[in-house]
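Student: could you work out the structure for the sequence below:
(one chain, ligands or ions: 1)
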Amino acid sequence: MIEANALHKRYGRLLAVDDISFKVEPGEVLGFLGPNGAGKSTTMKMIAGFLAPSAGTARVCGHDVQREPLAARRALGYLPEGAPAYGEMEPAAFLRFVGQVRGLRGEVLKSRLDAVISRLALGGVLRQPVDTLSKGFKRRVGLAAAILHDPPALILDEPTDGLDPNQKHEVRTLIRELARERTVLLSTHILEEVEAVCTRAMIVARGKVLADAAPAELLARSRYQGAVSLQVEDSIAARAALEGMPGSSGLHHDGGDGRLYVFPQGGKPVSAEAVAERLRQRGVAFSGLQTERGRLDEVFRRITTGEGAA
Ligand SMILES: Nc1ncnc2c1ncn2[C@@H]1O[C@H](COP(=O)(O)OP(=O)(O)OP(=O)(O)O)[C@@H](O)[C@H]1O
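Tutor: Residues are numbered from 1 along each chain as shown. Reported below is the predicted structural model:
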């Protein structure tokens with residue numbers, strides 16, 4: 001379990017983390033979401049024991065990070081932002097070094113090295129200096145180092161940042177697998193990642209938690225959830241046909257995707273059949289009619305910029 005209790009961090013006059021508390025249980029993947037400078041990395045560094053809090057406490061698997069630093073660090077695997085490693089070292093030597101620092105020796109060290117090298121498919125790059133590896137492999141080396149001692153809790157700071165879509169997919173699959181029997185806290189800027197891997201999302205901005213919910217619950221806060229969208233040639237005629245339709249709270253023609261959106265009222269999805277029927281009755285041509293599942297980016301923007309209630 002990972003626990004933060006009233007964590008605060010002050011850098012001079014800046015309160016970078018302002019009273020953050022949460023608990024993450026085994027099997028949960030908590031995604032920390034927030035704009036740049038929200039305080040995500042600072043919070044993670046405090047839980048990982050890399051930075052002392054100005055106030056508050058953190059616990060990893062029951063161990064207070066400040067008072068029992070060794071026990072807390074033993075229970076935790078930490079992938080810092082950018083997955084730094086010693087660039088001139090080869091993964092084989094680097095991982096062996098990390099394992100030794102973690103106190104692993106002999107057969108145990110060997111079997112753990114074999115396990116992470118196989119799990120992260122590092123066999124082909126073991127003798128290539130880390131600096132010369134692709135970003136994807138560098139990240140895998142970082143992840144291998146983080147899970148080498150088989151910790152029950154993991155903190156991953158932007159684990160897929162800068163990876164190509166295939167590498168992102170691989171790392172997400174791995175995180176989902178690791179999470180089955182572990183507690184995972186990760187930070188990300190990528191909203192689709194939250195849906196892909198997180199069981200819970202926490203939105204932070206200016207050092208404060210602004211939302212803490214399952215991704216589906218956040219999606220449900222989107223005004224697009226249950227809306228009906230469609231493509232029309234004549235948007236003026238379509239608007240006239242759909243204006244004031246029962247069960248709809250309004251219309252929006254999106255200049256970006258060129259679609260007309262019919263928004264729901266009172267949380268009840270708009271009936272796609274009713275929209276189609278109304279347009280047909282008035283002889284307005286349309287195509288691509290679909291019901292929307294909601295937009296996390298809109299919810300994120302609304303919550304972090306304070307535009308309207310979240
Ligand atoms: N060592 C430091 N000294 C002074 N200010 C710092 C220090 N580290 C971070 N900050 C500031 O604290 C705030 C929070 O930074 P932090 O890196 O925790 O944010 P973040 O949410 O992880 O951002 P990003 O998504 O850009 O990584 C920012 O305003 C940052 O400039």
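
Student: need the phi and psi values for the residue nearest to A227 when sequence neighbours are not counted.
Tutor: Spatial nearest neighbour of A227, excluding adjacent residues (C-beta to C-beta, 6 or more residues apart in numbering): E292 at 4.5 Å. Heads up, the C-betas are built off the backbone N, CA and C, glycines and all. The phi/psi pair for E292 (degrees, to the nearest 10) reads phi -90, psi 140.

Student: now G56
Tutor: According to degrees, to the nearest 10, G56 has phi 100, psi 170.

Student: pLDDT score assigned to it?
Tutor: Model confidence at G56, given as pLDDT, is 98.

Student: flag every residue of the stretch 1-150 of the chain that's near the ligand.
Tutor: Within reach of the ligand by C-beta under 6 Å from any ligand atom, the stretch 1-150 of the chain has these residues: 11, 14, 16, 34, 36-42.

Student: what about these, which are in helices?
Tutor: 40-42 (DSSP state H).

Student: filter those residues down to the buried ones and hand me the ChimeraX line.
Tutor: Of these, the buried ones can be selected in ChimeraX as follows, counting by 16 or more other C-beta atoms under 10 Å:
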select :40,41,42
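
Student: now the closest residue to L122 other than its chain neighbours: how far from the ligand?
Tutor: Using C-beta to C-beta, 6+ apart and skipping the chain neighbours, the partner closest in space to L122 is P91 (5.6 Å). P91 sits 25 Å away from the ligand, going by C-beta to the nearest ligand atom, to the nearest Å.

Student: tally up the residues packed near P91, please.
Tutor: 25 (other C-beta atoms under 10 Å).

Student: next one: R302
Tutor: R302: 17 neighbours (other C-beta under 10 Å).

Student: quick one, helices of the stretch 101-250 of the chain?
Tutor: Counting by DSSP state H, counting those that start in this stretch, the segments of the stretch 101-250 of the chain that form helices are 106-119, 135-147, 165-179, 191-197, 215-219, 235-242.

Student: so which of the ones you listed is nearest H63?
Tutor: Relative to H63, the nearest member of the helices of the stretch 101-250 of the chain by C-beta to C-beta is helix 135-147, separated by 17.6 Å.
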